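> heads up, no residue letters with this:
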């Protein structure tokens, strides 16, 4: 997940967050550090965040560190830590007589971050002293951050204040360091000024430590500093890989365990150390690590270190393991260990996560993944927790497809597009996939289990059926299941679920793989563990890894270089495009469309291509359009398919609905050392109630797609002006679209569990959207969850929220006074006030049925408060609490509140 987007939203115009990484100092609070540029000046911005950092509202600025001449950063990891490939990177940042120790995650992204910081500092040194940075642009942030002197404690236990005692200690260490460096300098051939030499050594160390551990020479060719020639060499090496690699087998232990929010209560050795010989790799996956509301809303949990320690103690005792990486999304966690002797051959470790909860954001369901290179093989490991409930198999299918589409890993070579899950040599997928047993009664299932007739039972397994139909996991393999279902048991026992719901046993917990040279040695459950209502599952795989033969590699490399030398370097690159004009028909809100242009290199030399911005435009395309990949490399005679993707979301919909923008753009495809090619993109957008203003919708007498575009444009203008005729332009009290969704939920979902918490199906949302936009049906299609998510998406897409932006400061000021809060609502524009009262009356009605739907104020307030009362700018944690407090007053019904069934559009 690219969290620099969240930082960017907090910055002023002309300021750019070029790259950011997570800080690991404080396990109690998540932090980000970003490199921010303004003209030729740079600074490090440190943010804290409790919720996943998706937008600017999710982060709070803690500290700013200007990168001046007095700034320095040096790695301080111990030799033991550096010897282990998975060790996190510790650096010491010094500025203005203060210093700060920061722990950064292991991986190439951290190395790239440090390289960019080094580059920024080098720019300062080149300009000093004639062009000393002034940092005037940072003045406006002083009130927003906690200050350069007061934030130290918030960074974590390793934060250092330059007291007199510490100064004395560091003076001794500095003297020792200087003596060592002086000895190194006397062995050198060149002599430099002392101060410059010290700073230069710091920079050299940083550059060296920021490089990846290279398991073979071809990896070096993926580094950003290599140009066209080296990309061609890399391309040829990949094509001839079989000439210099051989296959060597390694054992991978994969384990998955849904722990149902429990603490570790027993040893995990029966699960993790169940193999006769110690495996080379451990990939250990957990789900439902923490089921608390705090973990769900803020992605914080104290259970992470508890389970991590339990895993460490449970590893096979006959081998020594190095910890490589951890990645967690709410309760979905994946741990990666490797035998110490193999650590040096691991590189390019990256992690990512994708939430598939309500509105595609919340992380109670979704996936985390780790990708890495071992010797010459690329491996991706995915731990997923898919949608629950027997009837929701289509939602599980959608979750799988969303994870595959949205999970992307950045590459060291920035000219290359991000890697998706399926772009790896080996893909290992495990987790609580939640597929159930269909079409059998619970007693019949238990009878088959008692007879150990797993083959008959497996024929009713939803995952098997979906894979047979090639709906999901196409190309994946799962070993034979000869163990009883792993869900659902009474906690602490081996007894099937005896609760009122009496769940049908199912193989929810699964392990699959995709790739060549893979053999499964065992696949089993571990019944002795009784902590959870699930049983853990493990699989031991023997995987053939591509290992480089150095002599063969050298020979192949030299042959490729000789062939390249024969090319004529002065030839001008050229390409042929399969198509220059693209028309997208009937584009709809949040419905993806894509068309493909094939670019063929018909020239005599390889070429690099990139879509570039047009004159005076910030990006190469309009915000509703993307090209994937947007840049890349083409060998002579090669071709690449570029997907032109159109997607209208809450940001771009308002101007398209009102007719202020059209689907028209021109893409400029630029060849390095060659000419430019122009691609014309047009389309027609079908106006939607999603992304239209409340005032405009109240003026619409017909469904929006039955209205001429010119009429919609005129009504949009009237809704923002005071010149409407009260007789001819009498608005409805509330938009009929809101009424239809709320009325549906009022009649059908008052007792629905997990309402507004469980996402619906995308296909059903599209049917609901079309129904609202065309008026084709009198009642809404789809499940209650799909309708409730559609309502949330509708509110989220409003260009002006239900409580207009202009009222936001007043709402925060009086958030603790119920009567003043209600007074503000009475002052809202009529249609906004009607919608607010209608929605709050509906939510009050839902709370009357809390015994059935399990909703309470603490669940509904955070979900709706942020949608109805949105900030026009960046929102800090204090404002979020005030917004929630403001809205909670309206979830308690008073005699003056109007009953929900009295309100309907005229």
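Received, thanks. Computed from a predicted model, the values in this text were never measured in an experiment.
> measure residue 243 to residue 754 for me?
Counting by Cβ to Cβ, to the nearest Å, the separation of residue 243 from residue 754 is 56 Å. Heads up, the C-betas are built off the backbone N, CA and C, glycines and all.
> Show me which of those two is the more surrounded one.
Remark: of residue 243 and residue 754, residue 754 carries more neighbours, 18 against 13, as counted by other Cβ atoms under 10 Å.
> can you confirm the more buried one is in a strand?
No. Counting by DSSP: H, G, I helix; E, B strand; the rest coil, residue 754 falls outside a strand, being coil.
> Got the phi and psi for it?
Dihedral pair for residue 754: phi 60, psi 30, per degrees, to the nearest 10.
> in terms of contact, does it touch residue 785 like I think?
Yes. Using Cβ atoms under 8 Å, residue 754 is in contact with residue 785, at 7.4 Å.
> shaky segments in the stretch 251-400 of the chain?
293-300, 360-363 (pLDDT under 70).
> got the residue ranges for the helices in it?
Here the stretch 251-400 of the chain has its helices, by DSSP state H, counting those that start in this stretch, at 269-272, 293-298, 303-314, 393-406.
> May I see the buried residues of the last one?
What it means is helix 393-406. 393, 395, 396, 397, 398, 399, 400, 402, 403, 404, 406 (16 or more other Cβ atoms under 10 Å).
> and it, how far out from the chain's middle?
15 Å (Cα atoms, centre = their mean, to the nearest Å).
> Now do that helix: which elements does it pack against?
strand 346-355, strand 366-374, strand 377-385, helix 462-468, helix 762-774 (3 or more Cβ pairs under 8 Å, 6 or more residues apart in numbering; DSSP states H and E).
> could those be laid out in a markdown table, adding mean neighbour count and distance to residue 590?
Listed next are the helices and strands packed on helix 393-406 as a markdown table, based on neighbours: other Cβ atoms under 10 Å; distance: least, Cβ to Cβ, whole Å:
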| stretch | mean neighbour count | distance to residue 590 |
| --- | --- | --- |
| strand 346-355 | 23 | 17 |
| strand 366-374 | 26 | 18 |
| strand 377-385 | 25 | 23 |
| helix 462-468 | 18 | 25 |
| helix 762-774 | 20 | 7 |
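> Let's have the ones you listed in JSON lines, adding distance to residue 843.
Output for these, formatted as JSON lines (distance: least, Cβ to Cβ, whole Å):
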{"stretch": "strand 346-355", "distance to residue 843": "24"}
{"stretch": "strand 366-374", "distance to residue 843": "26"}
{"stretch": "strand 377-385", "distance to residue 843": "28"}
{"stretch": "helix 462-468", "distance to residue 843": "34"}
{"stretch": "helix 762-774", "distance to residue 843": "20"}
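> who does the strand or helix carrying residue 233 touch, helix- and strand-wise?
Assigned by DSSP states H and E, residue 233 falls within helix 228-239. For helix 228-239, the packing partners by 3+ Cβ pairs under 8 Å, 6+ apart come out as helix 550-565, strand 607-612, strand 631-634.
> Ok, which of those comes nearest residue 9?
Of all the helices and strands packed on helix 228-239, strand 607-612 sits nearest to residue 9, with 23.7 Å by Cβ to Cβ.
> buried residues in that closest one?
Residues of strand 607-612 classed as buried: 607, 608, 609, 610, 611 (neighbour count, 16+ other Cβ under 10 Å).
> Could you list every helix and strand that it packs against?
When contacts are defined as 3+ Cβ pairs under 8 Å, 6+ apart, strand 607-612 packs onto helix 228-239, strand 631-634, strand 664-671.
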